[in-house]
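[1] Return a 3D structure for these sequence lines:
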Amino acid sequence: MKFLCLCYYDAARYAAWTPEDHAAIGALCAPHDQALRATGKMKMVGSLAEPDEAVCIYPRDAGPEAKAGAFVRTGEPLGAFFMLEAADLAEAQNLVAMHPGANLGRYFGGGIEIRAVDHFEQI
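    Numbering: from 1, shown residues only. Alright, predicted model coming up:
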């Protein structure tokens with residue numbers, strides 16, 4: 001079964017990071033990322049641009065309309081995602097517990113949402 005994991009972060013904390021913080025936090029993340037990848041259960045991973053760089057398409061009577069910005073504006077924007085292959089939600093939770101975002105909250109804030117994927121088609 002596939003699970004999409006959505007990583008949220010505290011925008012204010014992230015904005016305060018210095019280049020040195022980015023390097024130090026990257027080094028702290030590496031062992032967590034490596035351990036999760038070593039399970040062979042992570043199927044894809046990606047990070048997202050800032051929410052203010054997003055565009056949303058809305059259906060309108062005259063046709064689709066584009067509006068700048070993220071669809072949902074929250075204090076904890078979506079920053080990354082990854083897909084896991086797990087037997088069930090319990091296994092997915094155990095795997096997500098290895099992710100840097102689940103262990104380095106003092107830097108990221110936020111959290112990780114785990115959603116079962118009902119349909120997945122790779123084209």
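[2] And Arg73, what's its pLDDT?
    pLDDT recorded at Arg73 is 69.
[3] sorry, that was for Thr39
    97.
[4] For this protein, just list every one of the strands.
    Counting by DSSP state E, the chain has these strands, from start to end: 2-8, 42-47, 55-58, 65-68, 78-85, 111-116.
[5] what angle do the second one and strand 78-85 make?
    To tie it back to what came earlier, the one meant is strand 42-47. Counting by axes from the mean of the first three to the mean of the last three Cα atoms, to 10 degrees, strand 42-47 points 170 degrees away from the direction of strand 78-85.
[6] what about Val96, neighbour count?
    Val96 has 21 neighbouring residues, counting by other Cβ atoms under 10 Å. All C-beta atoms are positioned from the backbone trio N, CA, C, and that covers glycine.
[7] circling back to that earlier point, out of the strands of the chain, which gets nearest to His99?
    His99 lies closest to strand 111-116 among those, at 6.2 Å (Cβ to Cβ).
[8] Which elements pack onto that closest one?
    The contact analysis (3 or more Cβ pairs under 8 Å, 6 or more residues apart in numbering; DSSP states H and E) places strand 111-116 against strand 2-8, helix 89-96, helix 100-103.
[9] Same list, the ones you listed, but as a markdown table with distance to Ser47 please.
    Converted to a markdown table, the helices and strands packed on strand 111-116 look like this (distance: least, Cβ to Cβ, whole Å):
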| stretch | distance to Ser47 |
| --- | --- |
| strand 2-8 | 8 |
| helix 89-96 | 16 |
| helix 100-103 | 11 |
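[10] Looking at the ones you listed, spot the one closest to Ala30.
    helix 100-103 (8.4 Å).
[11] just how off-centre is the closest one within its chain?
    How far helix 100-103 lies from its chain's middle: 11 Å, per Cα atoms, centre = their mean, to the nearest Å.
[12] What residues sit buried inside it?
    Buried residues in helix 100-103, counted by 16 or more other Cβ atoms under 10 Å: 100-102.
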